[in-house]
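Trainee: everything below, folded, please.
(chains A and B)
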Protein chains: 2
Amino acid sequence: MQMKSTHGGIALVGFDADDTLWRSQDYFDEAQAHFEEIIAHYVDLADAGKRLYAYEARNIAFFGYGVKGMALSMIEAAIDITGASIRAADIGRIISLAKELLQHPVELLPGVREAVQAVATDSPVVLITKGDLFHQEAKVRESGLSELFRRIEVVSEKDPATYARLLAEFGIDAAQFLMVGNSLRSDIAPVLALGGWGVHVPYHTTWAHEAETQLTTGHQRMRTIATLAELPPVLQQLQPLAAR
Amino acid sequence: MQMKSTHGGIALVGFDADDTLWRSQDYFDEAQAHFEEIIAHYVDLADAGKRLYAYEARNIAFFGYGVKGMALSMIEAAIDITGASIRAADIGRIISLAKELLQHPVELLPGVREAVQAVATDSPVVLITKGDLFHQEAKVRESGLSELFRRIEVVSEKDPATYARLLAEFGIDAAQFLMVGNSLRSDIAPVLALGGWGVHVPYHTTWAHEAETQLTTGHQRMRTIATLAELPPVLQQLQPLAAR
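Mentor: So this is what the prediction gives:
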């Protein structure tokens, strides 16, 4: 896929998926609330969620991102937190939570389809999402948006090296690339670091891992919007700046 | 990546990874043997492995392929098979099995580096592997082979639709593509179905799932070799047939 623009300006727009195009973290938050209910039958803890996150953060090196890793971290945390007193049936409930999470409906956020369609009439658009290949592909299929995207890339980590590799494959300079997403850490900061552009669309809830970032707002190649409906006019405003 | 050949013949060679380039199923077999030992403390079963496979096969629709899904299937099977009497500490041992499996050393099979290097001097080579993105990427990095491959594709399923999508991205006709791998079901049959070429390198142990295939040997666009060392001369023999 060669996408080199004949003019300056933004020639390719990347979209994050979870919590940018559709709801996701809400389902994880719900699963975590159920986990805490299960644990509460064994131990009285105010910080079960925080303890779980310690297992999740440590296990990223083993499991990567996604529901299956979350489930294994939950089971490991549940065994440790309860001093191995948790019953097998309750561990079975954790596996059921994971299966439900893997099958939650794909619910597009407001204005998403219209915004992606509007952007796609001017620039090729690609989907760049992190996490479990199998689950992400299933959600893209179910979203009904897959035909709008020139490419769908599921990556294991969203860091500058990953974005640089993708931009090289696309044949695009970072200065011609704009990324749209809810995570400053994964969607915006690495693209700005490469010299690209970012549009941040905060979501009402953020996993602790994604909240870990040094990036402050106010960067000259970054804008913040409330919903994707604001994206097409913001992209119009950025084009003359990017074409300089 | 446009790889259109200026002449007929095979213009792109794809390699499977697990049990084609490096050992993998042995580690899964070992993990399953440990699983059976754990279960044997609770119930006396001759068919624990077969029962486990029933859970794995059913859970592919939820979990896809890979170690994390295997671990969740093992835990689910262990709970059911023991009538929920399995102790939490033993479930913890299953999680440890998964973590060990995710960190096993990458041990290249005999002649692999030389064969891939030899093929790569004549045709671009790509790696096409199924399973968990995070684990597969880690193994490719550790293998020391990544710089030999033009592209590394981790896919969620190896069926004709997936190969057709990849060939379209590569700009290659199926008749110009040869796939090398140990699984008739995943590496050979779908490529032959599209009109491509296959070189089968059987491995000494095969997961039950990969053994499910209708393909019989003797197809005119397929060859079988014992080790990858035989690949370069076989490719030379196939080129004039493919160029017709």
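Trainee: does residue A:43 really touch residue A:86, like I thought?
Mentor: No - counting by CB atoms under 8 Å, residue A:43 does not reach residue A:86; the two are 9.7 Å apart. Every residue, glycine included, has its C-beta placed from N, CA and C.
Trainee: with neighbour numbers in mind, choose between those two.
Mentor: Remark: of residue A:43 and residue A:86, residue A:86 carries more neighbours, 24 against 12, as counted by other CB atoms under 10 Å in any protein chain shown.
Trainee: residue A:138: which element?
Mentor: Assessed by DSSP states H and E, residue A:138 sits inside helix A:133-143.
Trainee: so which other helices or strands are in contact with that helix?
Mentor: In terms of contacts (3 or more CB pairs under 8 Å, 6 or more residues apart in numbering or on different chains; DSSP states H and E), helix A:133-143 is packed against strand A:125-130, strand A:151-155.
Trainee: parallel or antiparallel, list what pairs with the longest one.
Mentor: Each strand that pairs with strand A:125-130, with its direction, by DSSP bridges: strand A:12-15 (parallel), strand A:151-155 (parallel).
Trainee: distance from the chain centre to the helix or strand of chain A with the lowest mean pLDDT, please.
Mentor: Every helix and strand of chain A was ranked by mean pLDDT, DSSP states H and E. The lowest is helix A:208-211, at a mean of 75. Mean C-alpha position of helix A:208-211 versus that of the full chain (CA atoms, centre = their mean, to the nearest Å) differs by 11 Å.
Trainee: quick one: name whatever helix or strand follows it.
Mentor: Immediately after helix A:208-211, counting by DSSP H and E, sits strand A:222-224.
Trainee: mind checking what helix or strand follows that following strand in sequence?
Mentor: helix A:231-242.
Trainee: which strands and helices lie in contact with that next one?
Mentor: The contact analysis (3+ CB pairs under 8 Å, 6+ apart) places helix A:231-242 against helix A:112-122, strand A:177-181, strand A:197-200, strand A:222-224.
Trainee: residues touching the helix or strand just after the second one, excluding its own?
Mentor: Per DSSP H and E, the first helix or strand lying C-terminal to strand A:177-181 is helix A:189-193. Among residues not part of helix A:189-193, those counted as contacts by CB atoms under 8 Å, 6 or more residues apart in numbering or on different chains are A:14, A:158-160, A:162-163, A:174, A:177-179, A:197-198, A:213-215, A:219, A:221-222.
Trainee: so which bits of helix A:189-193 are buried?
Mentor: Using 16 or more other CB atoms under 10 Å in any protein chain shown as the test for burial, helix A:189-193 gives A:189, A:190, A:191, A:192.
Trainee: show me which of these is closest to chain B.
Mentor: Comparing the buried residues of helix A:189-193 against chain B with CB to the nearest CB places residue A:190 closest, at 17.1 Å.
Trainee: okay, the closest one: pLDDT?
Mentor: pLDDT recorded at residue A:190 is 97.
Trainee: near the closest residue in space to it that isn't next to it in sequence, how many other residues are there?
Mentor: Nearest residue to residue A:190, sequence neighbours excluded (CB to CB, 6 or more residues apart in numbering or on different chains): residue A:160, at 4.4 Å. Using other CB under 10 Å, residue A:160 has 15 neighbouring residues.
Trainee: and chain A, which residues reach chain B?
Mentor: A:1, A:62-65, A:68-69, A:71-72, A:75-76, A:78-79, A:82, A:84-89, A:91-92, A:95, A:98-99, A:102-103, A:132-135, A:137, A:154-156, A:169 (CB under 8 Å from any CB of the partner chain).
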